[in-house]
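Undergrad: Dropping a prediction and its sequence here:
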Amino acid sequence: MSSSFYAMLSRMKYIKRWALMRNSEPENISEHSLEVSMLAHGLAVLGNRRLGKHLDADRAAVIGLYHDAGEIITGDMPTPIKYYNPQIQSVFHAIEDDAAEALLAMLPEDIREDYRDIFFRAEGEEELWRIVKAADKLSALIKCIEEGKAGNREFDSAKKSLEESVHALQVPEAELFMEEFLPAYYRTLDDLSSDAPRKP
């Protein structure tokens, strides 16, 4: 029997983010998910190397890759609407869970359970999922920085809000990232390239 799971996932590239905002460069959830995956992996590595933790960085990356997959079904709900009030937020969480179940149901039964704890938080992994949440916020913050560099002031208030959101998560790995790595996102390609070691 054929399965439509991966064909559905390939549609992530058609789901646009920031629907209510004027974008100088459009972003889809496929691009966003790749960045979240890389950031989540990086945050976990920072936690392990700098903070003495034992986080599964590879698992953080995989969770990051799939964290918005349900939006293939739900679409990307703009933040002001999604968090307008607790009732909407609660209903939308239930919709997200239903979307995840719908995607899982597209998998062959013998491998379905291998994906369940990618879509749904497994017991004892709260810290890892907070890492992914922080990576998600950082990715959105990076988008705001990029739009600002392009002269688009549409993202100014979102940038401020996201900075506050990252701090509010109280994820020390994210604080390390913001201090050490985030400033480079304000630089030009020429500036970044000048930092690359050159062969004599």
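TA: Everything's here; your move.
Undergrad: Spatially central residue in the protein, please.
TA: The chain has residue 136 as the residue nearest its centroid, 2.9 Å off, counting by Cα atoms, centre = their mean.
Undergrad: Can you tell me the SS state at the closest residue to that one other than its chain neighbours?
TA: Once flanking residues are discounted, residue 136 sits nearest to residue 36: 5.2 Å by Cβ to Cβ, 6 or more residues apart in numbering. Heads up, the C-betas are built off the backbone N, CA and C, glycines and all. Assigned with DSSP: H, G, I helix; E, B strand; the rest coil, residue 36 falls in the helix class.
Undergrad: count of neighbours near residue 36?
TA: Neighbour count of residue 36, defined by other Cβ atoms under 10 Å: 28.
Undergrad: Please apply the same query to residue 11.
TA: Using other Cβ under 10 Å as the criterion, residue 11 is surrounded by 15 other residues.
Undergrad: So the closest residue to it other than its chain neighbours versus residue 33, what's the distance?
TA: Leaving aside its sequence neighbours, residue 11 sits nearest to residue 72 (Cβ to Cβ, 6+ apart; 5.1 Å). Between residue 72 and residue 33 the computed distance is 11 Å (Cβ to Cβ, to the nearest Å).
Undergrad: One more: residue 2?
TA: Residue 2 is 24 Å from residue 33, by Cβ to Cβ.
Undergrad: These two - which one has more neighbours?
TA: Using other Cβ under 10 Å, the more surrounded residue of residue 2 and residue 33 is residue 33, with 22 against 5.
Undergrad: CA atoms only: put the host helix or strand of the more buried one into CSV for me.
TA: Per DSSP states H and E: residue 33 is located in helix 29-51. Extracted in CSV, the C-alpha atoms of helix 29-51 (Å, rounded to 0.1, in the frame of the first residue of the first chain):
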residue,chain,number,x,y,z
ILE,A,29,8.1,26.6,6.7
SER,A,30,10.6,24.3,4.9
GLU,A,31,13.3,26.9,5.1
HIS,A,32,12.4,27.9,8.6
SER,A,33,12.4,24.2,9.8
LEU,A,34,15.9,23.6,8.5
GLU,A,35,17.1,26.7,10.3
VAL,A,36,15.4,25.6,13.5
SER,A,37,16.9,22.2,13.2
MET,A,38,20.4,23.6,12.9
LEU,A,39,19.9,26.1,15.7
ALA,A,40,18.4,23.4,18.0
HIS,A,41,21.4,21.2,17.3
GLY,A,42,23.7,24.1,18.1
LEU,A,43,22.0,25.0,21.3
ALA,A,44,22.2,21.4,22.5
VAL,A,45,25.9,21.3,21.7
LEU,A,46,26.4,24.6,23.6
GLY,A,47,24.5,23.1,26.6
ASN,A,48,26.7,20.0,26.5
ARG,A,49,30.1,21.7,26.0
ARG,A,50,29.6,24.9,28.0
LEU,A,51,27.0,23.9,30.7
